[in-house]
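S.K.: coords please:
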Amino acid sequence: MLSQARLKDSNQITASKKMLAGIFMACTVIFASALINDAGVINAIFSFLLLIEPFIFLLALISLPMTHESFSKFRTWVFRFAFINIIFCYIQRYIFSRHLIMGFEDNINGVFIAAGAGHVVGASISLTFGIYYFFIAKSQPILVRAIVLLAILNQIVISDTKQVLLAFAVAYILVQIFNLKNPINTSLYLILGIVFSILFYWAIYNFEALSPFTTWIRPEIYGPDGEATRLKFAAFRIVIGYFESPLNWFLGLGPGHTVGRLGGWMLDSYGYLLLPLGATVHPASSNVWQAVGNSWLGDQSSMFSPLFGWAGIWGDLGFLGLASYLYLCFLIWKYFCIDNVAKFLVLTAFVFGCIFSQLEEPAYTMFLATIIGLQWHEDRLKKPKTGVKEILRTQN
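M.R.: Residues are numbered from 1 along each chain as shown. Sure, this is the predicted structure:
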């Protein structure tokens, strides 16, 4: 499809070529890591898909020659999925009361029913949609957009996905830092953020529904020797202990051999399917899980989990793998993040990578790629068409 796409914009052509080069580079690093670490081919294939498929999907999406009509239809289907996900959460909470069933406390998870971290995935997708809908879908009355955003914020409360709200809050601060070139607007937005933080801090101690947020407000667990710090960075200590040569620093311990989504969860849950196909496991993964089990913080919040995205990429693929992934992120930031909303959502994914394994969660990353692609197409359709002579002039 990419070879047949009729790309006319010179920046789009340049971006597409660089994305393809970046994807090839990431693929090379993944298979090189598998080769030097005797990891199974199936490990390399799954690692490539889990990490790189959102970039491939976005590249394909921006290559589609969408008209106003096809864009409108596609966005309508995206909106329908997002609203169904929100509605399912409310049905699960207020009709079926799944949060009261033993063992189902975290199962207000929208369409991601019976998924282990479905509540986090559902909430992160909903809030991503809510931000896009509130700031971009201006054809709808602001009251309607505000009600939708408030409904999503309540979804975060009823699904107990406080880490999702934290990720968006940190991303909000980061996007303002990146916008220091406009100090007046940056100062205004930071002041609004500070006011909101103060009010929210007061609210978590005065409203029962927000009390779970107090789990994190324990200064004694932080610091160099704090339990939270030791648990969060346990993966780095354990993975380094298995390094056998300097190459491990650059190419890791192999795809699926540490704390990424493949090594941390999939090879354990689906081993009966993957092991007969030649999948390989590494003791580093089980040792990190053992560290989680040995810590009294291990089952309290995913905020303290050592199995998070950036640690997984580094542990599996080393600094070269991390560099290739960040290069693809940079290309998206440079060529496809057309405004602060898109940059904010990308930075949210960056923060999620410091908390849990969202970087390798296909539902979330593919939805985020869809939103970035939607914004890019909407911006393109608003621009006046460029004549053939102008196209030739810009390409030359």
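S.K.: measure Phe200 to Glu378 for me?
M.R.: 32 Å (CB to CB, to the nearest Å). For every residue, glycine as well, the C-beta is placed using N, CA and C.
S.K.: So the two - more neighbours on which side?
M.R.: Residue environment comparison for Phe200 versus Glu378 gives the larger neighbour count to Glu378, 17 against 13, counting by other CB atoms under 10 Å.
S.K.: Without its sequence neighbours, what residue ends up closest to the more buried one?
M.R.: Here the nearest residue to Glu378 in space, its sequence neighbours aside, is Phe71; by CB to CB, 6 or more residues apart in numbering that works out to 6.9 Å.
S.K.: Quickly note the distance from that neighbour to Ile332.
M.R.: Phe71 sits 20 Å away from Ile332, taking CB to CB as the criterion.
S.K.: Show me which of the two is the more surrounded one.
M.R.: Set Phe71 next to Ile332 and count neighbours by other CB under 10 Å: Ile332 wins out with 24 against 16.
S.K.: quick one: that one and Phe55 touch, right?
M.R.: Yes. Ile332 is in contact with Phe55 according to CB atoms under 8 Å; the separation is 7.4 Å.
S.K.: dump the residue contacts of Ser70.
M.R.: Each residue near Ser70 by CB atoms under 8 Å, 6 or more residues apart in numbering is listed here: Leu64.
S.K.: In which helix or strand does Asn154 reside?
M.R.: Here Asn154 sits within helix 142-158, counting by DSSP states H and E.
S.K.: other SSEs contacting whichever helix or strand comes after that helix?
M.R.: Past helix 142-158, further along toward the C-terminus, the next helix or strand under DSSP H and E is helix 162-178. Taking 3 or more CB pairs under 8 Å, 6 or more residues apart in numbering; DSSP states H and E as contact, the helices and strands that helix 162-178 lies on are helix 118-136, helix 142-158, helix 183-204, helix 340-352.
S.K.: I'd like to know which elements the shortest one is packed against.
M.R.: If I follow you right, that is helix 340-352. Using 3+ CB pairs under 8 Å, 6+ apart: helix 340-352 touches helix 118-136, helix 162-178, helix 309-335, helix 362-382.
S.K.: Which of those sits closest to Gln92?
M.R.: Of all those, it is helix 118-136 that lies closest to Gln92, at 9.6 Å by CB to CB.
S.K.: what are the C-alpha coordinates of that closest one, in PDB please?
M.R.: What follows is helix 118-136, C-alpha atoms only, in PDB (Å, rounded to 0.1, in the frame of the first residue of the first chain):
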ATOM      1  CA  GLY A 118      -8.000  -3.700  31.100                       C
ATOM      2  CA  HIS A 119      -9.000  -1.000  33.500                       C
ATOM      3  CA  VAL A 120      -5.800   1.000  32.800                       C
ATOM      4  CA  VAL A 121      -6.000   0.400  29.000                       C
ATOM      5  CA  GLY A 122      -9.700   1.500  28.900                       C
ATOM      6  CA  ALA A 123      -9.100   4.600  31.000                       C
ATOM      7  CA  SER A 124      -6.000   5.700  29.100                       C
ATOM      8  CA  ILE A 125      -7.800   5.300  25.700                       C
ATOM      9  CA  SER A 126     -10.800   7.200  27.100                       C
ATOM     10  CA  LEU A 127      -8.800  10.100  28.400                       C
ATOM     11  CA  THR A 128      -6.800  10.300  25.100                       C
ATOM     12  CA  PHE A 129     -10.000  10.500  23.300                       C
ATOM     13  CA  GLY A 130     -11.400  13.000  25.800                       C
ATOM     14  CA  ILE A 131      -8.500  15.400  25.300                       C
ATOM     15  CA  TYR A 132      -8.800  15.100  21.500                       C
ATOM     16  CA  TYR A 133     -12.600  15.500  21.600                       C
ATOM     17  CA  PHE A 134     -12.600  18.500  23.900                       C
ATOM     18  CA  PHE A 135      -9.900  20.500  22.100                       C
ATOM     19  CA  ILE A 136     -10.200  19.400  18.500                       C
END
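S.K.: quick one: low-confidence parts of this protein?
M.R.: Along the chain, segments meeting pLDDT under 70 span 1-9, 102-106, 114, 116, 180-183, 185-186, 209-210, 212-213, 215-216, 384-396.
S.K.: Tell me which residue is most central in it.
M.R.: Per CA atoms, centre = their mean, the C-alpha nearest to the average position across the chain is that of Ala349, at 3.6 Å.
S.K.: list the contacts for the closest residue to that one other than its chain neighbours?
M.R.: Taking CB to CB, 6+ apart, and ignoring the residues beside it in sequence, Ala349 has Leu368 as its nearest neighbour in space, at 5.9 Å. By CB under 8 Å, 6+ apart, the residues touching Leu368 are 54, 128, 345-346, 349.
S.K.: Go through those and say which is closest to Leu267.
M.R.: Pro54 (21.4 Å).
S.K.: Please report how far the closest one lies from Asn43.
M.R.: In this view, Pro54 and Asn43 are 19 Å apart by CB to CB.
S.K.: and what of Leu381?
M.R.: Distance from Leu381 to Asn43, counting by CB to CB: 41 Å.
S.K.: So between those two, which is more surrounded?
M.R.: Using other CB under 10 Å, the more surrounded residue of Leu381 and Asn43 is Asn43, with 31 against 13.
S.K.: could you list every residue that touches the more buried one?
M.R.: Taking CB under 8 Å, 6+ apart as the criterion, Asn43 is in contact with 34, 254-257, 262, 279-280.
S.K.: If you rank those by neighbours, which is first?
M.R.: The member of the contacts of Asn43 surrounded by the most neighbours (other CB under 10 Å) is Pro255, with 33 neighbours in all.
S.K.: Can you verify my assumption that that one contacts Val41?
M.R.: No. Applying CB under 8 Å as the test, Pro255 and Val41 come out as separate, 9.7 Å apart.
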